[in-house]
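Colleague: please find the sequence and the predicted model below.
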Amino acid sequence: MSSAAVRFDRVGKSYKYFQLTDLSFELVPGQIMGFVGPNGAGKSTTLRILMGLVQQDQGEVTLLGQPMPRQQALAKRDVGYVSEDMRLYSQMTLAWHMHFVASIYPGWDAQYANLLLKRFNLRPAQTIKSLSHGERSKATLLLALARRPKLLVLDEPTTGLDPVARHEILTELMDVLTDENRSILFSSHNTKDVEQISDVITFIDRGTVIDSSDKEVFLERWCRMRLEFPLGRDLPALPGAIDTAVSGRTAVLTTNAFTPELAAAYEHAGAHVQDVQRMTLEEIFVATVMHSRKERGQ
Amino acid sequence: MSRSMVWRLIVKDLYLYRGIVVLATVVGLASLVIGVDRQEGWNIGAILFVTSLVALGIFIGMYGILRERQERSLLFVLSLPISPTQYAAAKIVSALASFLAPWLTILLTTLVLLRMDDGLGRAPQILAMMGFFLADFCVLLALFMATASEKWAVAGILLTNMSVSVYFMMVNSLPGIADYLGGAFPVWTPTVLTVIATEAAVSIISIALAFYLPSRKKDFI
C-alpha cells in the first residue's frame, strides 16, 4: 500500500478533442500541492479521475492508499472534495445539508462547523438558492472542512470570488495544515492563490505534467539575468537558458536553473552580469508553459 | 458504511420528493371521489387520475434524476463515500418507492371502492391500467438513468405520454377486458392476464436496464 495521499502513475484519458497523457505525480501527507494550469489544461479531469467520477483509460491512481476507482467508496471516507462547479440542493437550507453530511461522517466536528459558520458569516436557515456565489462556495467548503478529512481536493475553489471571500477561504485552508497529517490538492489558474498556500507546485498544460517541484525550488531556480557582452562577441551558449532576448550588447536571459555558479560561468565566458531578478510564480508559470509548448513543437 | 450510505441517499431522496408524492396521492384519491359521480364527475375524475400518476413519474425523473445532473448537485453527492453504481441503486430504489407509494394507495383505494359498489368486475381492467402506468414509469426511469441528455428525456416523456392515449384507445377496449366490466366479480380472461404479464415483463426489464446501463458508464460527470 502506497504511503502517498495521492499517486498518479502514467495515467491517460482520451476524449475526442482532448487527452491526458502519461500523468504521474505524488502528494505526500502534510503537503499542499498547487495544481496549476491554463484553462482546458486537464486540471478538473485529473481531479475527477482522482475522485472516481471519471475512469482513466490507462495507468494507476491511488487515493489514500486505495486503488481508484475500484475502492472509491472506501477512499472517499477521508476526502473532502470541493469543485467550483459543484452545487448543493438549491431548495434546501444549509442546516439541512450540514445535518445530512454529519449523518454520513462519524468524524463530523459540529463545534468546528459552528465556528466556520461564524467566520464565513453564513446563516444555517438560509436556502442555498438565496446565497450569493461567494456564500455558496464557503458553504460547500464548510461541508468539506467540518468532516475533518485527511485530504482536501479542491478544484478551483476561489474562482469568481471577491478578494475578501478568497482571503477567508485561503486563511481557512492554511489553518487546516496545522495538522501535519492532512493534505490538500488545490487546482487553480490563479498563481497568486497557489503561491500563497502551496508547498509543492505541479504545472500541467494540454494534458501533460510539464514540471513539478517545491515552491521554494521553483522561486530559487527561475530568474532573469541581465547580461552585457563585449562588442563583436556573441552571447555564450550555456545550459539552463530557457529564453534569451538580445538588444544590442545587452541580453535578458531567462533560466530555470539559476545558481551562483551559472552567473559565474557567464562572467567567465566574457559576459558581465548586470542584474539578477527573481520571477513571480505567474511569470514562472507562463515561461514554463511557453517553453514546454516550444519543446513539444506545439 | 456503503450500505448505510445507499440507505441515507434513499432517505434523502424520499425527503426531497415528499411534496410531490403527497400531492400525487391526494390528487389521485380526490379523482376517485370525484369520479364516483357517474355523470359530469367521471371525466374530470378520469383526467385527474391519469394526470396524477403521469405527472408523478415525470416529476421524479426530471426533478430527481435529470435536474440533479444539470444543476451539478450530482457532483456533491458523488463526492460522498459512495460508488456511482451504489448511487444509481439508491436513485432507482428511491424513485420506485416514491412512485409505488401513491400508486399502491390509489390502487388499493380503487379496489375498496369497487368492492363497496359491487363493481369488482372492473378490477382486472383497473389492475391492467395501473400495471400500464407502472411499466410506463419504469421505462421512463431506465431512460433517465441511462442518459444525461435533455433531448432524449423529453423524447421519452413524449413517447410515454402518447402511449397512454394508445393504451386507452386499443388495450382498454379489447373484448377480453371490456366485456366483463359490469359484473360483481372479476373475470381473469387470457387477454387481461397477457396484458398484465406484458406490463410486468416491461417493468422488470426496464428496471434491470436502469441498473445495468449506468454501470457501463466510465464517466459520471
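Modeller: Structure's in. What do you need?

Colleague: quick one: the helices in the chain?
Modeller: The chain I'm using is chain A. A:43-50, A:72-75, A:94-104, A:110-119, A:133-145, A:163-176, A:191-197, A:215-221, A:260-268, A:281-295 (DSSP state H).

Colleague: should've been chain B
Modeller: Using DSSP H, helices in chain B cover B:2-35, B:40-59, B:67-70, B:73-78, B:84-116, B:123-146, B:150-166, B:175-178, B:190-215.

Colleague: next, format the ones you listed as TSV and append mean neighbour count and mean pLDDT.
Modeller: Every residue, glycine included, has its C-beta placed from N, CA and C. Compiled in TSV, the helices of chain B are given as follows (neighbours: other CB atoms under 10 Å in any protein chain shown; pLDDT from 0 to 100):
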stretch	mean neighbour count	mean pLDDT
helix B:2-35	17	91
helix B:40-59	17	86
helix B:67-70	16	85
helix B:73-78	21	93
helix B:84-116	19	94
helix B:123-146	23	93
helix B:150-166	14	89
helix B:175-178	14	84
helix B:190-215	16	94
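
Colleague: which non-adjacent residue is nearest residue 202?
Modeller: You didn't say which chain, so I picked chain A. residue A:212 (4.1 Å; CB to CB, 6 or more residues apart in numbering or on different chains).

Colleague: ah, no, chain B please
Modeller: residue B:135 is the one closest to residue B:202 (CB to CB, 6+ apart), at 4.2 Å.

Colleague: correct me, but the one you found touches residue B:207?
Modeller: No. Residue B:135 lies out of contact with residue B:207 (CB atoms under 8 Å); the separation is 10.2 Å.

Colleague: give me whichever of the helices of chain A is most buried.
Modeller: Ranked by mean neighbour count, the helices of chain A are led by helix A:43-50 with a mean of 24 (mean count of other CB atoms under 10 Å in any protein chain shown).

Colleague: helices and strands around it, which ones?
Modeller: strand A:6-14, strand A:19-27, strand A:32-36, strand A:58-63, strand A:79-83, strand A:151-155, strand A:183-188 (3 or more CB pairs under 8 Å, 6 or more residues apart in numbering or on different chains; DSSP states H and E).

Colleague: list the contacts for the residue nearest to residue A:93 when sequence neighbours are not counted?
Modeller: Nearest non-adjacent residue to residue A:93, counting by CB to CB, 6+ apart: residue A:127, 5.3 Å away. Residue A:127 makes contacts with A:90-93, as judged by CB atoms under 8 Å, 6 or more residues apart in numbering or on different chains.

Colleague: count the neighbours of residue B:64 for me.
Modeller: 19 (other CB atoms under 10 Å in any protein chain shown).

Colleague: how close does it get to residue A:45?
Modeller: Distance, residue B:64 to residue A:45, by CB to CB, to the nearest Å: 27 Å.

Colleague: for chain A, list the residue farthest from the centre, please.
Modeller: residue A:232 (45.6 Å; CA atoms, centre = their mean).

Colleague: please report phi then psi for it.
Modeller: phi 80, psi 0 (degrees, to the nearest 10).

Colleague: what does the pLDDT read for it?
Modeller: On the pLDDT scale, residue A:232 is placed at 70.

Colleague: which residues are in contact with the nearest residue to residue B:107 once chain neighbours are set aside?
Modeller: Closest residue to residue B:107 in three dimensions, ignoring its sequence neighbours and counting by CB to CB, 6+ apart: residue B:130, at 4.9 Å. For residue B:130, the contacting residues are B:103, B:106-107, B:110, by CB under 8 Å, 6+ apart.

Colleague: identify the residue spatially nearest to residue B:111, adjacent ones excluded.
Modeller: Here the residue nearest residue B:111, using CB to CB, 6+ apart, is residue B:123, at 6.1 Å.

Colleague: you'd agree residue B:220 is up against residue A:69?
Modeller: No. Using CB under 8 Å, residue B:220 is not in contact with residue A:69, being 9.4 Å away.

Colleague: any common contacting residues for these two?
Modeller: With CB under 8 Å, 6+ apart, residue B:220 and residue A:69 have no common neighbours.

Colleague: please report how far the closest residue to residue B:56 other than its chain neighbours lies from residue B:206.
Modeller: Computed as CB to CB, 6+ apart, the closest residue to residue B:56 that is not its neighbour in sequence is residue B:24, at 3.9 Å. Noted for residue B:24: a distance of 20 Å to residue B:206, by CB to CB.

Colleague: quick one, what contacts residue 144?
Modeller: Defaulting to chain A. Taking CB under 8 Å, 6+ apart, one finds A:80-82, A:152, B:79 in contact with residue A:144.

Colleague: that's the other chain; I wanted chain B
Modeller: Counting by CB under 8 Å, 6+ apart, residue B:144 has contacts B:61-62, B:65-66, B:153, B:156.

Colleague: run the last query once more with 7 Å
Modeller: Listed by CB atoms under 7 Å, 6 or more residues apart in numbering or on different chains, the contact set of residue B:144 reads B:61, B:65-66, B:153.

Colleague: for chain A, see how far away it is.
Modeller: 18 Å (CB to the nearest CB, to the nearest Å).

Colleague: on that earlier part again, top of the contacts of residue B:144 by number of neighbours, please.
Modeller: That'd be residue B:65 among the contacts of residue B:144, by other CB under 10 Å, with 26 neighbours.

Colleague: from what I can see that residue touches residue B:91, true?
Modeller: Yes. Applying CB atoms under 7 Å, one finds residue B:65 in contact with residue B:91, separated by 6.2 Å.

Colleague: could you tell me which residues touch both of the two?
Modeller: residue B:145.

Colleague: what is the burial count for residue 183?
Modeller: Going with chain A. There are 27 residues near residue A:183, going by other CB under 10 Å.

Colleague: my question was about chain B, not that one.
Modeller: Residue B:183 has 14 nearby residues by other CB under 10 Å.

Colleague: check contacts around the residue nearest to it when sequence neighbours are not counted.
Modeller: Excluding the flanking residues, the one nearest residue B:183 by CB to CB, 6+ apart is residue B:121, at 3.1 Å. Going by CB under 7 Å, 6+ apart, residue B:121 touches B:180-187.
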